[in-house]
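A.B. asks: Output the structure for:
(one chain, ligands or ions: 1)
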Amino acid sequence: MSWGPQALPRCLPRYRCPVFVLRFARHNSNAQNRWLARQKNDHFTKAAKEQNFRSRAAFKLMDIDDKYRFFKKNQKVLDLGFAPGAWSQVARNRIGTGGMVMGVDLLRCAPPKGVHSLQANILSKKTHELIRLCFARHVQLNKHDELHKDHGYLQHMLEEELNHLKETEEYKELYSQKDISKDIERYPVDVVLSDMMANATGVQSKDHYMSMDLCDAALIVAIDLLKPGGSFTCKLYAGSEDRMLENRLKKVFKQVDRFKPQASRNESRELYLVGRNKKKDVDKLKVFLEDE
Ligand SMILES: C[S@@+](CC[C@H](N)C(=O)[O-])C[C@H]1O[C@@H](n2cnc3c(N)ncnc32)[C@H](O)[C@@H]1O
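C.D. replies: As a prediction, the model looks like this:
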């Protein structure tokens, strides 16, 4: 572990004073020790290990789906912020081998067996276009290693790939179509999941706003790609604007619920919004611009 100023959270000024750095390092390592001890004794962490899930987060999604039952066999599922991959494992198990799960994450992460993956930033519109093409089966993104070999971060390659795709007939057909009977390609996804979370700064309001931005990005993906009747689940870090987000969801889904899964720690400000039964012909501008 590095103890230099770069190890400090972003919320703190970059003090060069060695005494401050040492005190902070001691405080930080105490917090880490407490976190490790808590993880070691945690029932869900043990159960995740026993059941070969990549993290205890698997139990949150199982709990959510046990209550709202949105997974069905053979669905197409988009898992935003999938790394390390526990939610994708749960989705894969619940939809069976006839469906498709695609995970998207900023981080480089080999996906679980049977899951497609894309290393990209969901805040980029290009990522949304690639996801559509991938689900519409016009591109196969399961060539993870080739795509990532020489470029840790994929944005540059996504742009090249997208420029190339824009010249193909499939792309032109997909984006020029007006025929509503092609809904499968227009709205290729049955379930959108988002467990995205940026690195916490420890400043509550900042963490809340960062979480709101990620939820809004996930909601835009759902408006653009999720089929009518489809379902949506997103994690948020509670704060002053979560009711506004919930209201936006109500313009997109017929049923909207808040849920705190058992595996979510009581002291954590995280909670989940679940939207079911997506409405037809949702107007994005009305969702985001009209009075709440
Ligand atoms: C709590 S983890 C997700 C855990 C995952 N659901 C699981 O079950 O293993 C949150 C993830 O969101 C990702 N993330 C944060 N911001 C993102 C962004 N703008 N685009 C894509 N992924 C993002 C992070 O890299 C991180 O891997």
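
A.B. asks: For residue 264, see how far away the residue nearest to the spatial centre of the chain is.
C.D. replies: By Cα atoms, centre = their mean, the mean C-alpha position of the chain lies nearest to residue 80, the distance being 2.4 Å. Residue 80 sits 18 Å away from residue 264, going by Cβ to Cβ, to the nearest Å. Just so you know, the C-beta spots here come from the backbone N, C-alpha and C atoms, and that holds for glycine as well.

A.B. asks: I'd guess residue 121 is in a helix, am I close?
C.D. replies: No. Assessed with DSSP: H, G, I helix; E, B strand; the rest coil, residue 121 is coil; it does not lie in a helix.

A.B. asks: gap between it and the ligand?
C.D. replies: 5 Å (Cβ to the nearest ligand atom, to the nearest Å).

A.B. asks: That residue touches residue 127, doesn't it?
C.D. replies: Yes. The pair residue 121 and residue 127 passes the contact test of Cβ atoms under 8 Å, sitting 6.1 Å apart.

A.B. asks: of the two, who's got more company?
C.D. replies: residue 127 (22 against 15; other Cβ atoms under 10 Å).

A.B. asks: Backbone torsions only: list them for the more buried one.
C.D. replies: phi -60, psi -40 (degrees, to the nearest 10).

A.B. asks: where exactly do the helices run in the chain?
C.D. replies: 18-41, 43-50, 57-68, 86-95, 125-135, 144-148, 155-166, 169-176, 183-186, 204-225, 242-252, 284-289 (DSSP state H).

A.B. asks: and those helices, which one's lowest on average pLDDT?
C.D. replies: Mean pLDDT is lowest for helix 144-148 among the helices of the chain, at a mean of 46.

A.B. asks: does any part of stretch 91-109 sit near the ligand?
C.D. replies: Yes. Applying Cβ under 6 Å from any ligand atom, one finds stretch 91-109 touching the ligand at 104, 105, 106, 107.

A.B. asks: Then stretch 70-79?
C.D. replies: No. Remark: stretch 70-79 sits outside contact range of the ligand, by Cβ under 6 Å from any ligand atom, the gap being at least 6.9 Å.

A.B. asks: and that stretch, how far apart are its ends?
C.D. replies: 14 Å (Cα to Cα, to the nearest Å).

A.B. asks: Measure how far that stretch is from the centre of its chain, please.
C.D. replies: Centroid displacement of stretch 70-79 relative to its chain, using Cα atoms, centre = their mean, to the nearest Å, is 15 Å.

A.B. asks: Quick one: residues in contact with it.
C.D. replies: 65, 87-88, 91, 94-96, 98-104, 115, 131, 135, 188-193, 195, 221, 225, 231, 233, 274, 276 (Cβ atoms under 8 Å, 6 or more residues apart in numbering).

A.B. asks: from the residues you listed, which would you call buried?
C.D. replies: The neighbour count (16 or more other Cβ atoms under 10 Å) marks 65, 87-88, 91, 94-95, 99-104, 115, 131, 135, 188-193, 195, 221, 225, 231, 233, 274, 276 as buried among those.
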